[in-house]
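Asks: Have a look at this prediction, sequence included:
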Amino acid sequence: MSNGNGVTATLSQAADNVKETAANIGTAVMQRADAAVQTVRETADTARKAAKKAVKTAKKKLATASAKAKKEAAALKRQATSARKKAAKKVKAARKAGKTAVAKAKGTAKRKVAKKATKAKKAVAKKTAKKATKKTAAKKAATKRTATRKAAVRKAVKKSAATTAKKAPARKAAAKKAVKRPAKKVAKKAARK
């Protein structure tokens, strides 16, 4: 009988050992899972921070670029207005000089002064016309680009609509043929019998 008690004791001890190892394995698995979750959270936090930084830097760069562009546009406007004022002053000075010369001289002197005044006007007009044409050319180029982009988009939409419209009747016809074929086969088999 003592032999039986020893077997039960060893069996119960083995069961206890199995329980302990299972508990140890369970806690180890839980600890590893917790560690994995923690690392995932940390990497997600670092990714969020990096994304926020990237967005902030991009916004800053855009702000600085827009500020520079505004400054350049303002400088160009100032230059254009100063050039216009200078041209107007030159025209006025030329007119005054022409008037005084015409008043002093007679005959041919009058003609020479008039020619000089008209040349000065033409030169000023050419300068202002060149500046105006440059500005209008830039505006036209921008409008042409947008128009070509819009036209390309419209063509693509029309093509896709046309292809889908062509495919739809073809699919319907194929479905009708598929439905008609079995009916014909059944009729032929019945006629043979």
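Replies: Sure thing, it's come through.
Asks: This protein: helices as residue ranges?
Replies: Using DSSP state H, the helices of the chain run over residues 2-104, 108-192.
Asks: Of those, which shows the lowest average pLDDT?
Replies: Ranked by mean pLDDT, the helices of the chain bottom out at helix 108-192, with a mean of 67.
Asks: Next one: residue 44 from residue 51, what distance?
Replies: Using Cβ to Cβ, to the nearest Å, residue 44 is found at 11 Å from residue 51. Placement of C-beta: from N, CA and C, glycine included.
Asks: who touches both of these two?
Replies: The contact sets of residue 44 and residue 51 do not overlap (Cβ atoms under 8 Å, 6 or more residues apart in numbering).
Asks: Give me the neighbour count for residue 13.
Replies: Residues near residue 13, counting by other Cβ atoms under 10 Å, number 10.
Asks: cool, residue 91 as well?
Replies: Neighbour count of residue 91, defined by other Cβ under 10 Å: 16.
Asks: How about residue 117?
Replies: Around residue 117 there are 19 other residues, counting by other Cβ under 10 Å.
Asks: check contacts around residue 90.
Replies: By Cβ under 8 Å, 6+ apart, residue 90 lies in contact with 120, 124.
Asks: how close does it sit to residue 75?
Replies: For residue 90 relative to residue 75 (Cβ to Cβ), the value is 22 Å.
Asks: Need the residues that contact stretch 51-66.
Replies: Outside stretch 51-66, no residue touches it (Cβ under 8 Å, 6+ apart).
Asks: Just the CA coordinates for it, please, in PDB.
Replies: Output in PDB follows, covering the C-alpha atoms of stretch 51-66 (Å, rounded to 0.1, in the frame of the first residue of the first chain):
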ATOM      1  CA  ALA A  51       4.800  63.900 -38.900                       C
ATOM      2  CA  LYS A  52       3.800  67.000 -36.800                       C
ATOM      3  CA  LYS A  53       7.400  68.300 -37.200                       C
ATOM      4  CA  ALA A  54       7.300  67.700 -40.900                       C
ATOM      5  CA  VAL A  55       4.000  69.500 -41.200                       C
ATOM      6  CA  LYS A  56       5.300  72.500 -39.200                       C
ATOM      7  CA  THR A  57       8.400  72.800 -41.200                       C
ATOM      8  CA  ALA A  58       6.400  72.600 -44.500                       C
ATOM      9  CA  LYS A  59       4.100  75.300 -43.300                       C
ATOM     10  CA  LYS A  60       7.000  77.500 -42.300                       C
ATOM     11  CA  LYS A  61       8.700  77.000 -45.700                       C
ATOM     12  CA  LEU A  62       5.400  77.800 -47.400                       C
ATOM     13  CA  ALA A  63       5.000  80.900 -45.300                       C
ATOM     14  CA  THR A  64       8.500  82.200 -46.000                       C
ATOM     15  CA  ALA A  65       8.100  81.500 -49.700                       C
ATOM     16  CA  SER A  66       4.800  83.400 -49.900                       C
END
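Asks: Give me the buried positions along it.
Replies: Residues of stretch 51-66 include none that count as buried (16 or more other Cβ atoms under 10 Å).
Asks: same deal with stretch 115-122?
Replies: Going by 16+ other Cβ under 10 Å, stretch 115-122 has these buried residues: 117, 120.
Asks: Noted, bye for now.
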